[in-house]
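Visitor: With the sequence up front, the predicted model follows.
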Amino acid sequence: MAAYAHPEVLVENDWLASHLNDPKVRVVEVDYDPTANYDLGHIPGSVLFDWRKDINDPVRRDIVSSEGVTELFRRAGIDDDTTVVLYGDFNNWFAAFAFWVFTYYGARNLKLLNGGRKKWIAEDRAIAKDVPKTAKGKFQSHPADPKLRVFLDDVRAALPQVKAGKTNLVDVRGPKEFSGEITAPPEYPTEHAQRGGHIPGAKNIPWAQAVRDDGTFKSREELDELYRSKGVAHDVPVITYCRIGERSSHTWFVLRYLLGYPDVRNYDGSWTEWGNLVRTPIEK
């Protein structure tokens, strides 16, 4: 089987188990609900990044700022040359979101644990409940990279390109969300948008089709077939979206790093923005 385009961004459980005491490796668990995960037991030595509190702006509907990432990494004892291994719940939904946010602000030594928390626990690997104490790090983030993110007006402007087949818009939500049958994913049934449906011209390729039952990513050949069969060509720009940007970050990671697509951007406003705006076009 062919190797992923950038295999260095993934690590397996065996590799991580052998590097838990490496001072140049910082393991980070990223959770939506820490009380249901990190607090019950986590990979020894791992620190917690709370998705809501640490990776999102506390007031605005926005991701954390560049300055916020600097402070977050320093608090976790991360330097510029520290290898940061991210993992989390929901098959790395939120870990992938963190990977996207941190890459957006110039972090370069990031890796994702293949299979996430699910596979680590399933293999009966060591867990701990103590919270590690870390010396303050010296990490410095960078200005945001506009090539990795799109906003509402960018998506609106791209719709003619989508219609013409010159940009691929990939909706990674489940089929019932895409069709408008439901307005919230099963995992969060109370978090609705005002309207159901999808952005005009979007292709529905649910994020979960990229992973196996154990949470690990499918082979490069399987992934390549998945996206090419839906008309998502390698040489056409791609915009990914979901409901709040976390599942679409997972697909962004697959397309950019595992398949090597050169132009992939994430629309983190996603359906909670698009589906709640007056006179914004939708399809069902």
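Guide: Yep, that arrived.
Visitor: who are the neighbours in contact with Leu112?
Guide: Val9, Leu10, Val11, Val85, Leu86, Tyr87, Asn92, Ala95, Ala96, Phe99, Phe253 (CB atoms under 8 Å, 6 or more residues apart in numbering). C-beta coordinates here come from the backbone N, C-alpha and C atoms, glycine included.
Visitor: any idea whether the spatially closest residue to the fifth one that is not a sequence neighbour is helix, strand or coil?
Guide: It refers to Leu86. Nearest in space to Leu86, with sequence neighbours left out and distances taken as CB to CB, 6 or more residues apart in numbering, is Ala95 at 4.2 Å. Using DSSP: H, G, I helix; E, B strand; the rest coil as the criterion, the local structure at Ala95 reads helix.
Visitor: Also Val27?
Guide: strand.
Visitor: Touching, it and Phe49? I think so.
Guide: No. Contact status for Val27 versus Phe49: not in contact, 10.9 Å apart, counting by CB atoms under 8 Å.
Visitor: between the contacts of Leu112, which is nearest Ile244?
Guide: For those, the closest approach to Ile244 (CB to CB) belongs to Ala96, at 12.7 Å.
Visitor: The closest one and Asp81: what is the separation?
Guide: 23 Å (CB to CB, to the nearest Å).
Visitor: Count residues in the vicinity of the residue lying closest to Gly260 once chain neighbours are set aside, would you?
Guide: Distances taken as CB to CB, 6+ apart put Ala5 closest to Gly260, at 2.9 Å, once the chain neighbours are dropped. Using other CB atoms under 10 Å, Ala5 has 15 neighbouring residues.
Visitor: you'd agree Ala5 is up against Tyr257?
Guide: Yes. Under the criterion of CB under 8 Å, Ala5 lies in contact with Tyr257, with a separation of 6.5 Å.
Visitor: Check the contact lists of the two and give me the overlap.
Guide: Shared between the contact lists of Ala5 and Tyr257 (criterion: CB under 8 Å, 6+ apart) there are no residues.
Visitor: if we can go back for a sec, could you verify my assumption that the residue nearest to Leu86 touches Val101?
Guide: No. Between Ala95 and Val101 there is no contact, the gap being 10.8 Å when judged by CB under 8 Å.
Visitor: show me the contacts for Asn114.
Guide: Shown in contact with Asn114 (CB under 8 Å, 6+ apart): Leu10, Val11, Glu12, Asn13, Gly215, Thr216, Phe217.
Visitor: 6 Å - rerun?
Guide: Taking CB atoms under 6 Å, 6 or more residues apart in numbering as the contact definition, Asn114 lies against Leu10, Glu12, Thr216.
Visitor: If burial is judged by neighbour count, which of these pass?
Guide: Leu10, Thr216 (16 or more other CB atoms under 10 Å).
Visitor: Tell me the one among the contacts of Asn114 nearest to Arg74.
Guide: Proximity of these to Arg74 was ranked by CB to CB; the top entry is Leu10 with 25.8 Å.
Visitor: nearest spatial neighbour of that closest one, skipping sequence neighbours?
Guide: Once flanking residues are discounted, Leu10 sits nearest to Asn114: 4.9 Å by CB to CB, 6+ apart.
Visitor: Please report phi then psi for that neighbour.
Guide: According to degrees, to the nearest 10, the main-chain angles of Asn114 amount to phi -60, psi 120.
Visitor: rewinding a little: any idea how far the residue nearest to Leu86 is from Pro58?
Guide: Distance of Ala95 to Pro58, computed by CB to CB: 21 Å.
Visitor: Between those two, which has more neighbouring residues?
Guide: A side-by-side neighbour count of Ala95 and Pro58, using other CB under 10 Å, places Ala95 first with 30 against 10.
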